[in-house]
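[1] okay, predicted coordinates and the sequence, questions at the end:
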Amino acid sequence: MSRIAFIGLGNMGLPMALNLIKAGHAVAGFDLSRDALDQLKQEGGSIAASASEAAAGAEIVVTMLPAGHHVRAVYTGEGGILAAAAPDTLFIDCSTIDVDTARAMADAAEDAGHRAVDAPVSGGVGGAAAGTLTFMVGGPDSAFAAAEPVLAVMGKTIVHCGAAGTGQAAKICNNMILGISMIATCEAFALAERLGLEADKLFAVSSKSSGQSWSLTSYCPVPGPVPTSPANRDYQAGFAADMMLKDLKLAQAAASSAGAQTPLGATAAQLYSLYSAAGQGGKDFSGIIRFLRGER
């Protein structure tokens, strides 16, 4: 089993780290939350005094951080983990960040004599706890081969997307599709209501015809047709609107950097920005149907 440093023990990171412990790995964690550190220790992990201390004793370093500037600071800032780690340490960044930062940190890791992959996830907190996440991985073949057994402990589906940064590219492109399709689904149900068409009837038609999508059949934004969807729990977040907004903004930044045209992605980002500004950022992203109806 491996010595693994896990930096970032939030809602996603902590259950991921606990799955590594359950698999027999020696996990040293670091986070700013004392409660998260205490829980890690209670489950058999150890606590490091800093990110660099965790990295210094590790063969593999996993990071799960909020944004690109956090990753840059932890990797290459004062007391950074790249400088603290032993030669040829494997770095796995599971954060969802901008493509440019992912590629810059991969280059920095290589320059420091390490291997690195970007491996953002899909599957939410439930998937993190169950060990059924999907990992979208970018990096060299050799680094992916080394990372895959570790990722397999935390996830069910692991896809090598290509060179450094392509894992992040896959994540933000996928979530741009999701954000756009959810808005389209919400608009259709809101229109159906105005036209006197019952939601379950629209679902019966669209779920079996050309309007079918994951947003409809797995995450239907109105109560009833899909009992497990957040619409049946007052839009308690499975995937918060603010998280969708973050990913849509990352997609727009990437589109600008690459010179790509994404007009629907831009519109989706604007709508989720308005929804968040209305104080609904903590609700599930499917709750944007309320905003589209004109509800406050």
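    In hand now; what should we look at?
[2] and this protein, what are its domains?
    3-164, 169-292 (automatic domain parsing).
[3] what average pLDDT does stretch 74-87 get?
    The predicted model assigns stretch 74-87 a mean pLDDT of 96.
[4] over to stretch 248-258?
    96.
[5] report the buried residues of it.
    Leu248, Lys249, Leu250, Ala251, Gln252, Ala254, Ala255 (16 or more other C-beta atoms under 10 Å). In short, each C-beta sits where N, CA and C put it, glycine included.
[6] do stretch 125-139 as well
    Those would be Gly127, Ala128, Ala129, Gly131, Leu133, Thr134, Phe135, Met136, Val137, Gly138, Gly139, for stretch 125-139 by 16+ other C-beta under 10 Å.
[7] among the domains of the chain, show me which one is buried the most.
    domain 3-164 (a mean of 20; mean count of other C-beta atoms under 10 Å).
[8] determine how far the last residue of that one lies from the first.
    24 Å (C-alpha to C-alpha, to the nearest Å).
[9] flag the shaky bits of the stretch 101-250 of the chain, pLDDT-wise.
    Of all residues in the stretch 101-250 of the chain, none has pLDDT under 70.
[10] now the strands for it?
    Assigned by DSSP state E, counting those that start in this stretch, the stretch 101-250 of the chain shows strands spanning 115-118, 121-122, 133-138, 155-162.
[11] make CSV from those and add distance to Ala169 to it.
    CSV is the format used below for those (distance: least, C-beta to C-beta, whole Å):
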stretch, distance to Ala169
strand 115-118, 9
strand 121-122, 14
strand 133-138, 7
strand 155-162, 7
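[12] between those, which gets nearest to Ala54?
    strand 115-118 (16.3 Å; C-beta to C-beta).
[13] what does the closest one contact?
    Residues outside strand 115-118 that contact it (C-beta atoms under 8 Å, 6 or more residues apart in numbering) are 88-93, 97, 102, 105-106, 109-110, 137-140, 142-144, 146-147, 164-168.
[14] cutoff 7 Å now
    88, 90-93, 102, 105-106, 109-110, 137-139, 142-144, 146-147, 164-165, 167-168 (C-beta atoms under 7 Å, 6 or more residues apart in numbering).
[15] what do you get for stretch 214-233?
    Residues contacting stretch 214-233 (C-beta under 7 Å, 6+ apart): 178, 181-182, 185-186, 189, 199-200, 203, 206-207, 236-238, 284, 286, 289.
[16] same question, stretch 32-44
    Leu9, Leu14, Ala17, Leu18, Ile21, Gly29, Asp31, Ile47.
[17] could I get the pLDDT score of the residue nearest to the fourth one when sequence neighbours are not counted?
    Going back to what we said before, that points to Leu18. Excluding the flanking residues, the one nearest Leu18 by C-beta to C-beta, 6 or more residues apart in numbering is Glu43, at 5.2 Å. On the pLDDT scale, Glu43 is placed at 97.
[18] quick one: contacts for the residue nearest to the spatial centre of the chain?
    Nearest residue to the geometric centre of the chain (C-alpha atoms, centre = their mean): Val121, 4.6 Å. Contact analysis of Val121 by C-beta under 7 Å, 6+ apart lists Met12, Cys94, Leu133, Thr134, Phe135, Gly155.
[19] what's across from the fourth one in the sheet?
    Spelled out, that is Thr134. Note on Thr134: beta-bridge partners by DSSP bridges are Ser122, Thr157.
[20] distance of the residue nearest to Met182 when sequence neighbours are not counted relative to Gln39?
    Nearest in space to Met182, with sequence neighbours left out and distances taken as C-beta to C-beta, 6+ apart, is Ser215 at 4.4 Å. Ser215 sits 34 Å away from Gln39 when distances are taken as C-beta to C-beta, to the nearest Å.
[21] equivalent analysis for Ile158, please.
    26 Å.
[22] then Ala169?
    Taken as C-beta to C-beta, the span from Ala169 to Gln39 is 33 Å.
[23] can you check Gly167 too?
    28 Å.
[24] got a list of what Ile4 touches?
    Contacts of Ile4 by C-beta under 7 Å, 6+ apart are Leu20, His25, Ala26, Val27, Ala58, Ile60, Val62.
[25] quick check: the farthest pair among those?
    Ala26 and Val62 (12.9 Å).
[26] picking that back up, got the buried residues of stretch 125-139 as JSON lines, with distance to Asn232 columns?
    Converted to JSON lines, the buried residues of stretch 125-139 look like this (distance: C-beta to C-beta, whole Å):
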{"residue": "Gly127", "distance to Asn232": "20"}
{"residue": "Ala128", "distance to Asn232": "22"}
{"residue": "Ala129", "distance to Asn232": "21"}
{"residue": "Gly131", "distance to Asn232": "26"}
{"residue": "Leu133", "distance to Asn232": "24"}
{"residue": "Thr134", "distance to Asn232": "24"}
{"residue": "Phe135", "distance to Asn232": "29"}
{"residue": "Met136", "distance to Asn232": "29"}
{"residue": "Val137", "distance to Asn232": "34"}
{"residue": "Gly138", "distance to Asn232": "36"}
{"residue": "Gly139", "distance to Asn232": "40"}
